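Peer 1: sequence first, then the predicted structure, then my questions.
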Number of protein chains: 2
Amino acid sequence: MKIIQEGKAKIYVPEVREIVSSDMPVFYNPKMRVNRDLAVLGLGYLCKKLGRELMVADPLSASGIRAIRFIKETSCVGKVFTNDINEKAVEIIRENFRLNEVPEDRYEVHREDANFFMRKGWGFGFDYVDLDPFGTPVPFIESVALSMKRGGILSLTATDTAPISGTYPKTCIRRYGARPLRNEFKHEVGIRILIKKVIELSAQHDIAMVPIFAYSHLHYFKLFFVKDRGAKLTNSLIDQVGYLLYCFNCMNREAVFDPLKIKEHCPICGTRFSLGGPMWLGKLWDEEFTDFLYREAQERGEISKETKRILSLIWQESKLQTVGFYMLSKLAEKVGIPQQPPIKKAVEFYEGVRTHFEGDGFRTRFSHEEVLRKSEELKVIIERRLKGGAG
Amino acid sequence: MKIIQEGKAKIYVPEVREIVSSDMPVFYNPKMRVNRDLAVLGLGYLCKKLGRELMVADPLSASGIRAIRFIKETSCVGKVFTNDINEKAVEIIRENFRLNEVPEDRYEVHREDANFFMRKGWGFGFDYVDLDPFGTPVPFIESVALSMKRGGILSLTATDTAPISGTYPKTCIRRYGARPLRNEFKHEVGIRILIKKVIELSAQHDIAMVPIFAYSHLHYFKLFFVKDRGAKLTNSLIDQVGYLLYCFNCMNREAVFDPLKIKEHCPICGTRFSLGGPMWLGKLWDEEFTDFLYREAQERGEISKETKRILSLIWQESKLQTVGFYMLSKLAEKVGIPQQPPIKKAVEFYEGVRTHFEGDGFRTRFSHEEVLRKSEELKVIIERRLKGGAG
């Protein structure tokens, strides 16, 4: 065992050579640092918003690091409820609480199936739940939604990004009831499909899970939702679920809410559309929440530089919330731009904002036809500049 | 308490005047006789098919009548596992088992939340589950599917027929993720939406719930599914889910599997289509299963006459499995037939079969255009006959 420090928590983790069995869980994954930073910041938001002691759940705790960071890095945790079905994990969670000198009345450690853990008659609702399963979160969504208090926040991780981003479309259809799109903004489509699924499973119980933040990384998606209740509010979420028509020839994209309005062919180039969805077509970021995360992160020493960088990017991105974005490299390829300008210049040219989803991705207010026209313009400008440079 | 006999079981039921509290469950509903007859017959099919002792679950037992009938009226029940969260129900179930002299090693009585009951580590899968919840079965579907053995049969009841048949479309969308259609075959649409939901929730776990029987009654839907597993088979079910376009002007209906093929307007009369679904567009009845139920019912004294009558009707209906059907009264109104012929004559005229969904409903192999043409023909015939009668 060695001791690792992350944020204000230190934890015991088994050293790699100790991990002999495949059913031994990954207790601590350093690649998930940003994810945990975000989870801490999200809880910080709720502390400020509710201004009272909160009941926090970590139903798949593994090492317990999150729960410990929640207690050490925020000021409002009444009690944190940790859980893991793995016996070894439960031992390590207990040891880690002691290592961090967390008073015993501030935490509980359970060893149950996560769904059982969430659904048992607590007699109160959790204010904040951090759910970070190995693989898809789908089997836990209903239990989580039911276990939460109205006004609470769900901090959700999904690591099955490949199927919902188009690598395994059949798996996506089975698991999420939606078709992915393997295009330049496939990860955004994946996140929108995941949001749809969370909304759909909660709506069965007239629970409205309102998405307030989304972050995509190569290996995982990180989302936040606020729990609310009632038929009307749930309907208003479902009204923002629809299809996305995408043209793999000219990159045209059209959001469609009413299935009767689905068109078979792209009106710009006549190619047969591809169809993604149903998916969430509403906003990915709540401005107030995103603003808090961004500002709070900059002020905190225990938050990693990487998290600060990402939040700065997302903060900008949240100012222009389009469905889908463009990749400069794809546009350049499409219209034959001989040399790509730096992304910052391109963003200015298209009057848009960068997106955290792709290094050379940007969002723009322009219609697709305008984007194509502007791209032709850009081509001429660059060709002229290159000739001038050569002459 | 009084004793009631149904099939080969007798049970204690509280008399009406004893039921003082609204949270006291309806222990015995005589209107569900047909439903229970079908459940017994379905189990009989599985007995014959598997030829071994079966593990049977009745997760929402109420009086225990089903469980007792299963034991007394079939020959293959190894053990029946009953459950009810209500303390009074659990008492009555025990008394009813004793009253029917069921040996103690043939049954268990549990008192748990039905989802907990189904998901606990039984170490075996149930061969037959009868799920008859008060209201929607949606919150139990995943647990049921997970609790069953491959090749097992689910006997499912839904009493929330109003929302899924179009009376409360918003509720249907929230609870089932599909739009209902309030047309002449709205109950068939409701059943197809319910099947879609069962398939969808099971598909999340690569479980294929194959529909094999459907019965609609004013207050409930009764369905049977066979549980199978695997991505391929699950995909093949999802491939049979789609939309139904319906024209409220000319009654035209078109099943659409590929959303890109959705049309906004009816090609026959130009009216804007209404859209129902996504829903199951495949077969509602497995011929072998339906045939067994029909034949077995006729031979059994303990099966009610009503059940025999319904099974005879459904047996005929299963020979021509169209998506949607026609109602003679609606067609007569549409084309102005002055007097309706008897339904038997009409069925002959349209070369179809009757449907159990509506008294004057029938299915036909004809295309919608042919149905309209034939209806005009029928009008002329009847007008001529009426004139002849008058002259």
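Peer 2: All right, it came through fine.

Peer 1: quick one: mean pLDDT for the strand or helix carrying A:Arg384?
Peer 2: Secondary structure assignment for A:Arg384, by DSSP states H and E: helix A:368-390. Mean per-residue pLDDT for helix A:368-390: 92.

Peer 1: give me the contacts around that helix.
Peer 2: A:250-253, A:268, A:326, A:331-332, A:334-339, A:341, A:346, A:349-350, A:364, A:366 (C-beta atoms under 8 Å, 6 or more residues apart in numbering or on different chains). Just so you know, the C-beta spots here come from the backbone N, C-alpha and C atoms, and that holds for glycine as well.

Peer 1: same thing but at 6 Å, please
Peer 2: For helix A:368-390, the external contacting residues (C-beta atoms under 6 Å, 6 or more residues apart in numbering or on different chains) are A:Asn252, A:Leu331, A:Val335, A:Ile337, A:Gln339.

Peer 1: most neighbours out of those residues, which is it?
Peer 2: Across those, neighbour numbers were computed from other C-beta atoms under 10 Å in any protein chain shown; A:Leu331 holds the maximum, 23 neighbours.

Peer 1: contacting residues for that one?
Peer 2: Applying C-beta under 6 Å, 6+ apart to A:Leu331 gives the contacts A:Ser375.

Peer 1: so what pLDDT did it get?
Peer 2: A:Leu331 is assigned 96 on the pLDDT scale.

Peer 1: just the element for it, please.
Peer 2: helix A:328-335.

Peer 1: buried sites along the very next helix or strand once past that helix?
Peer 2: Going down the chain from helix A:328-335, the next helix or strand is helix A:343-349, by DSSP H and E. Residues A:Ile343, A:Ala346, A:Val347, A:Phe349 are the ones in helix A:343-349 that count as buried (16 or more other C-beta atoms under 10 Å in any protein chain shown).

Peer 1: what is the neighbour count of the closest residue to the last one other than its chain neighbours?
Peer 2: Among residues not flanking A:Phe349 along the chain, A:Leu378 sits closest, at 6.2 Å (C-beta to C-beta, 6 or more residues apart in numbering or on different chains). Other residues near A:Leu378 number 21, with proximity taken as other C-beta under 10 Å.

Peer 1: same question, the one 5 residues further on
Peer 2: A total of 14 residues lie near A:Glu383 under the criterion other C-beta under 10 Å.

Peer 1: how about A:Glu369?
Peer 2: Here the number of neighbours of A:Glu369 (other C-beta under 10 Å) works out to 12.

Peer 1: which other residues reach stretch A:200-220?
Peer 2: Residues external to stretch A:200-220 that are found in contact with it (C-beta under 6 Å, 6+ apart): A:141-142, A:145, A:157, A:159, A:187, A:191, A:195, A:198-199, A:222-229, A:231, A:233-234, A:237, A:284-286, A:289, A:357, B:138, B:174-175, B:177.

Peer 1: just the ones of those in strands?
Peer 2: Among these, the members found in strands (DSSP state E) are A:Thr157, A:Lys222, A:Leu223, A:Phe224, A:Phe225, A:Val226, A:Lys227, A:Asp228, A:Arg229.

Peer 1: returning to that earlier point: buried subset of the contacts of stretch A:200-220?
Peer 2: Buried among the contacts of stretch A:200-220 (16+ other C-beta under 10 Å): A:141-142, A:145, A:157, A:159, A:187, A:191, A:195, A:198-199, A:222-228, A:234, A:237, A:284-286, A:289, A:357, B:138, B:174-175, B:177.

Peer 1: now stretch A:108-124: buried residues?
Peer 2: Neighbour counts over stretch A:108-124 (16+ other C-beta under 10 Å) mark A:Val109, A:His110, A:Asp113, A:Ala114, A:Asn115, A:Phe116, A:Phe117, A:Met118, A:Arg119 as buried.

Peer 1: same thing with stretch A:317-329?
Peer 2: Neighbour counts over stretch A:317-329 (16+ other C-beta under 10 Å) mark A:Glu317, A:Ser318, A:Leu320, A:Thr322, A:Val323, A:Gly324, A:Phe325, A:Tyr326, A:Met327, A:Leu328, A:Ser329 as buried.
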